[in-house]
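>>> Here is a sequence with its predicted model. Questions after.
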Amino acid sequence: MKFITIAFYLMTTIALYSSDKASNITTKSAVTFNTLCAKCHEGQCSGRLTFDTGSEAASNHIKRYSDDTNISKKEIKEFFTLLNYMKKECLLFMPNETKFNKDNLILFATASHKRYFIPLGVLKKGNYSLELEAKENIHFKLEVISSQFDSYLDEAFCPESKGKKIDFSIEENINYFLRIQSKKSLHLKSLKINGPL
């Protein structure tokens, strides 16, 4: 059984999608976009968000849904770039980063710590189990999705199941991401994926 840890992926080469147009997007913007805005695309309502006049026309919409009251003009432009990238490519985007260590899961959290978007890298076809530990004793939602928006896990995590493994299966060898959503602030202490089993 191969043991995979998030720390391993973050400290080594992570195979993530990149784009010339989106190459300067920060991890913060990509995480926020993929935990919030990408849901519109998955819900097939992104057709209403065709802001042909540029990022300024979308600024109010972006501010409303960005999960950050202090969002900057630069970040608004990054969200707009990601929206166009996703609408044209139909793929999730994360910038290429290699400056991570096991203590930096916080990099993949939104400002409120209510949402995370964590790159798992390319996972091989097979069965996996996921274990995580959080500082808070609260409920939250876990999703494992592919770079093409296919869902492989969509489950609630209960405090009572601390240490309990959550199983899921992968059908193709492509990039996968873990999306976490909580109603209250959440601080991850550890995250492990066992597999393929």
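All right, it came through fine. What you see is a predicted model; the values in this text were computed from it and never measured. Numbers count the residues shown, from 1 in each chain.

>>> report the longest helix in the protein, please.
Ranked by residue count under DSSP state H, the longest helix found in the chain is helix 73-89.

>>> Tell me the gap between it and the middle of its chain.
Distance of helix 73-89 from its chain centroid, counting by Cα atoms, centre = their mean, to the nearest Å, is 15 Å.

>>> residues touching the residue most central in space within the chain, list them.
The centre of the chain sits closest to residue 117, judged by Cα atoms, centre = their mean, with a distance of 2.2 Å. Under the criterion of Cβ atoms under 8 Å, 6 or more residues apart in numbering, the contact list for residue 117 reads 30, 31, 34, 35, 94, 108, 177, 178, 179, 180. C-betas here are computed from N, CA, C, even on glycine.

>>> Output the contacting helices and strands for the longest helix of the chain.
On a contact count with 3 or more Cβ pairs under 8 Å, 6 or more residues apart in numbering; DSSP states H and E, helix 73-89 meets helix 27-32, helix 38-42, helix 55-65.

>>> most packed of those helices?
helix 27-32 (a mean of 23; mean count of other Cβ atoms under 10 Å).

>>> next one: it to chain centre, how far?
8 Å.

>>> picking that back up, I'd like the next helix or strand past the longest helix of the chain.
Counting by DSSP states H and E, the next helix or strand C-terminal to helix 73-89 is strand 115-123.

>>> Mind listing what's buried along that following strand?
Neighbour counts over strand 115-123 (16 or more other Cβ atoms under 10 Å) mark 115, 116, 117, 118, 119, 120, 121, 122, 123 as buried.

>>> The last one: what's it in contact with?
Think residue 123. Taking Cβ under 8 Å, 6+ apart, one finds 4, 170, 173, 176, 193, 195, 196 in contact with residue 123.

>>> Of those, which is the nearest to residue 154?
Residue 154 lies nearest to residue 176 out of the contacts of residue 123, by Cβ to Cβ, at 13.4 Å.

>>> The closest one reaches residue 118, doesn't it?
No: if you go by Cβ atoms under 8 Å, residue 176 and residue 118 don't touch, sitting 9.7 Å apart.

>>> Pick out the most distant pair among the buried residues of strand 115-123.
Greatest spatial distance among those (Cβ to Cβ): 115 and 122, at 23.3 Å.

>>> Outline the domain layout of this protein.
For the chain, automatic domain parsing gives the domain ranges 3-12+100-194, 27-89.

>>> now the first one, how far from the centre of its chain.
I take that to be domain 3-12+100-194. The answer for domain 3-12+100-194 is 9 Å, by Cα atoms, centre = their mean.

>>> since we're on residue 157, how many residues are nearby?
For residue 157, the neighbour count with other Cβ atoms under 10 Å is 20.
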